[in-house]
Structures are given as structure tokens and as C-alpha cells.
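Student: have a look; sequence and predicted model below, questions after that.
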2 protein chains.
Amino acid sequence: MSAAPAFPAALPGAANETTADLRPRFGPDGLIAAIAVDAATGAVLMLAHMNAEALRRTLDSGEVWYWSRSRQALWRKGETSGHTQHLVEMRVDCDQDAVLLRVAQTGPACHTAAQSCFYRVWRDGKLAFLD
Amino acid sequence: MSAAPAFPAALPGAANETTADLRPRFGPDGLIAAIAVDAATGAVLMLAHMNAEALRRTLDSGEVWYWSRSRQALWRKGETSGHTQHLVEMRVDCDQDAVLLRVAQTGPACHTAAQSCFYRVWRDGKLAFLD
């Protein structure tokens, strides 16, 4: 990992819940969870992860970057597929170990070509495929 | 952790994306991510984690259980606050390392008494509190 751009450190306990500072609480792996939802429809598109550099690049550029745990690499969403995510709004959760990204999604969000990665639903003991 | 109820093992690579079997891909920490959304409004309420036992209890009971990473304990949502989550529908993502829970939420989802844990939005370099 390259040198992480600085964010102020997470505050202990409940203090991180009431601050107006962005103080991401990166885990032992250096990551926070990122939920991407379609800004137009509110549909949940995918769950991925960000390290400090991915978060910084996303905020600076308005294009969404993630950290790929499987490839151990920074990754601009859509850099190979063209299925980019433009950041419309970012929210953080109470303890700041997760962010909610409202995005303008170009093309399908999932690498399987599904609009959302959540294309299967649990029904009667099996997974059913949604349209 | 008590003995984890069995789920079939995750399949290698893309095979986990096309199976109709629930084959959660638990991480090295034994967890998957769980996004809870309000079944009525679609609003994202919170992000938490599940181990195999939390997932099994959720599917068996219809009440949502999580694994608390901070307390290292199973946790039925609302067991102390009364702010329970009744499972309406569960979806899984492509590689099955995350689930999307559509829930009937009783009371606020966040322990801070906010309806959603995502009550702050990034604006002009600071976090603004939403109503």
C-alpha cells in the first residue's frame, strides 16, 4: 500500500458519533466498508471496501475508488469495464467505520452484468434469481 | 465462538456467483457483512456483521442477529433496546460475502436513537447532521 493520505484519527468511543469531522475508523486491515446505492432509485448496488487512499481519491475526484481485498490493489470503479460510479453524496455511519455512497452508476454495477450485485434472494431454502 | 451451524462451503471463483445454494463466503474473521435496509422505505439503516451462527439464527427465527466485533458476541438486534429487526427478505451479493436484509424495523435502528446509523453527510469538508 502506498502512503495513506491523512485523515484525522477516529475519536474514542461515542465521541466519533457526534463529531462533525470525517474521522474514518479504519479496521485492523486498514479498511472501511462502503455501500453503494443508486442515487436515482435508492437501490443497493454493491458492498466494497476503501482504504484511506481510496476514500481520499473518491472525495477529491468525485469518481468512486475502492480497495480490492482479493487483488490487494486500489481500483477505480469502472476503470476497465467503463461502469463508473460518480459520487453524488457520501454519508458516514455512527462510529465511522462504514460509508454510504449515493452514486450515479454508468451501466451495471456488478461485474456479472447484473444491475446490482444483490441479484439473488433467499426463498424456500434456495437462492432465487431476480430479473 | 460456539460451534458454527453448517452452511455449505463457498465455491471457488465465479461458481459462487451462479449457484442457487446459499454458500456464504465468510472472511478470515468468520464474518460476512450485512446491510440492513428499511423494507418499507428502502432507506439504508445500518451495516453490521454476521458469523455463521448469527446468519443461521436469523434465517431460522426471522429476527435479525448479528455478531458484534467490538464485544465479540452474538447479538439479537434490539435484545436490550427493544428496537428489533424482523426479516422481510434476504438477498446475497455475487460472491456471497455480503447480505442485504430488508427488515421491518421497530424504533430507531441506531443506538444513538437516530433512525439510521447514516445520519451525517459529507458537505464542504465537514459532516452535516441530517434530521
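Tutor: Received, thanks.

Student: all contacts plus neighbour counts: C-alpha atoms, from now on.
Tutor: OK.

Student: so where is chain A shaky, pLDDT-wise?
Tutor: Counting by pLDDT under 70, the ranges of chain A that qualify are A:1-5.

Student: all helices of it, in order?
Tutor: Applying DSSP state H to chain A gives helices spanning A:15-18, A:52-61.

Student: quick check, A:D95 in contact with A:N16.
Tutor: Yes - between A:D95 and A:N16 there is a contact under Cα atoms under 8 Å: 5.5 Å.

Student: need the overlap of contacts for these two.
Tutor: Residues touching both A:D95 and A:N16 (Cα atoms under 8 Å, 6 or more residues apart in numbering or on different chains): there are none.

Student: would you turn the helices of chain A into TSV with mean neighbour count and distance to chain B?
Tutor: What follows is those, written out as TSV (neighbours: other Cα atoms under 10 Å in any protein chain shown; distance: least, Cα to the nearest Cα, whole Å):
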stretch	mean neighbour count	distance to chain B
helix A:15-18	17	8
helix A:52-61	18	9
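
Student: can you lay out these as TSV showing distance to B:G27?
Tutor: Converted to TSV, the helices of chain A look like this (distance: least, Cα to Cα, whole Å):
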stretch	distance to B:G27
helix A:15-18	26
helix A:52-61	21
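
Student: so A:D38 sits right up against A:M46, yeah?
Tutor: No - with contact defined as Cα under 8 Å, A:D38 does not reach A:M46; the gap is 9.6 Å.

Student: could you report the neighbour count for A:D131?
Tutor: Other residues lying near A:D131 total 7 when counted by other Cα atoms under 10 Å in any protein chain shown.

Student: give me the distance between the nearest residue to it once chain neighbours are set aside and A:M46.
Tutor: The shortest distance from A:D131 to any non-neighbouring residue, by Cα to Cα, 6 or more residues apart in numbering or on different chains, is to A:Y119 (7.5 Å). In this view, A:Y119 and A:M46 are 10 Å apart by Cα to Cα, to the nearest Å.

Student: name the residues of chain A found near chain B, please.
Tutor: Listed as neighbours of chain B in chain A under the rule Cα under 8 Å from any Cα of the partner chain: A:19-22, A:42-43, A:46-47, A:89-94, A:98-100, A:110, A:112, A:117-122, A:126-129.

Student: restricted to strands, list the residues you listed.
Tutor: A:46-47, A:89-92, A:98-100, A:120-122, A:126-129 (DSSP state E).

Student: can you name the two of those that sit furthest apart?
Tutor: A:E89 and A:K126 (35.1 Å; Cα to Cα).

Student: which residue of these two possesses the greater neighbour count?
Tutor: Shown here are A:E89 and A:K126; by other Cα under 10 Å, A:E89 has more neighbours (16 against 13).

Student: surely the more buried one meets A:A104?
Tutor: No - A:E89 lies out of contact with A:A104 (Cα under 8 Å); the separation is 9.7 Å.
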